[in-house]
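[1] sequence and predicted model, in that order:
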Amino acid sequence: MDRNALAELLQALESRRDAEERRREERYTALIERVGLAVAAATTPTTTPLMSPPKARAMKMSAEDDPEAYLVAFERLATAAAWPREFWASQLGPCLIGEAQAAYQAMSDHHATEYDLVKQAILRRLNITTETHRARFREYRRAPETRPRVVAERLCDHMVHWLTPGKKTAQQMGEAIVVEQFCHVVGAETQAWIRRHNPDTLEEAVKLAEDFEDSLTSARIGILSAPALRSSRPLPPSPPTPPPPPPPRVPGTQTS
């Protein structure tokens, strides 16, 4: 057998082996698909599956826990344990104490199943708002022996809860900073009035400040002009002068 014939024979054997390998692979793939379909058909329920409640449980809140920190820890646990979000509220409720528990119990049965609504009710009951974090950001003071990194982390945490960068644009966050500085500059009385109304924009803050200060100015003008108005009115007539009393009687004398 010459070299060319041998090469052709080897090539034919190689092609036959490749074809057999492909057929074997196809049979194996078909078998896997049939088994997979059979398993899926056996395990797929005919009705909507019922989700089972999570097996893990969150630790109960303690009196020393910061409510916001506890909620963050709860959310991380629920996410890591892959709990369906429909079960978050029912898992959180039994773990609450104090005012947080009171807020949960005051909710309707329907709303108490929505975790986001439960969280809002708790924070509202505890008066934890963006304004709270703004004040904490500005008033934060370093405790003795606190590491600089811890100080920076706490400031960043208050800033995030105050400015909520995930919910606001860069322009809205910048406006919130300007509003905060505007309130600081206008004075204590005007600032208190603005803070009471919690404006969302700089324009609202300016309008509140103008209305408040205009009212103060009007009130002061009214007080100052009140004496002048009274002095311009005619004075009532003076009462008549009573006659002088009779001279005292001297004993022993006769009155004529």
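    Yep, that arrived. None of these values were measured; they are calculated from a predicted model.
[2] for this structure, which segments count as helices?
    3-43, 67-80, 88-92, 98-105, 115-125, 130-139, 148-163, 170-186, 188-197, 202-232 (DSSP state H).
[3] and among those, the most buried is which?
    Mean neighbour count (mean count of other Cβ atoms under 10 Å) peaks for helix 88-92 among these, with a mean of 20. Yep, even glycine has a C-beta here, placed from its N, CA and C like the rest.
[4] helices or strands up against that helix?
    helix 67-80, helix 115-125 (3 or more Cβ pairs under 8 Å, 6 or more residues apart in numbering; DSSP states H and E).
[5] reformat these as TSV; add mean pLDDT.
    TSV is the format used below for the helices and strands packed on helix 88-92 (pLDDT from 0 to 100):
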stretch	mean pLDDT
helix 67-80	89
helix 115-125	93
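[6] quick one, which of the ones you listed gets closest to Arg154.
    helix 67-80 (11.0 Å; Cβ to Cβ).
[7] neighbouring contacts of that closest one?
    Residues outside helix 67-80 that contact it (Cβ atoms under 8 Å, 6 or more residues apart in numbering): 54, 56, 58, 61, 85, 88, 91-92, 95, 100, 119, 122-123, 126, 128, 161.
[8] of the helices and strands packed on helix 88-92, which is nearest Glu145?
    Between the helices and strands packed on helix 88-92, helix 67-80 lies closest to Glu145; by Cβ to Cβ that is 20.5 Å.
[9] what's the closest non-adjacent residue to Val206?
    Phe182 (7.5 Å; Cβ to Cβ, 6 or more residues apart in numbering).
[10] cool, and Arg136?
    His158 is the one closest to Arg136 (Cβ to Cβ, 6+ apart), at 4.7 Å.
[11] my understanding was that the one you found contacts Glu131; is that so?
    No - with contact defined as Cβ atoms under 8 Å, His158 and Glu131 do not form a contacting pair (11.5 Å).
[12] low pLDDT regions in the stretch 151-256 of the chain?
    226-256 (pLDDT under 70).
[13] if we can go back for a sec, tell me who's in contact with the residue nearest to Val206.
    Contacts of Phe182 by Cβ under 8 Å, 6+ apart are 202, 205-206, 209.
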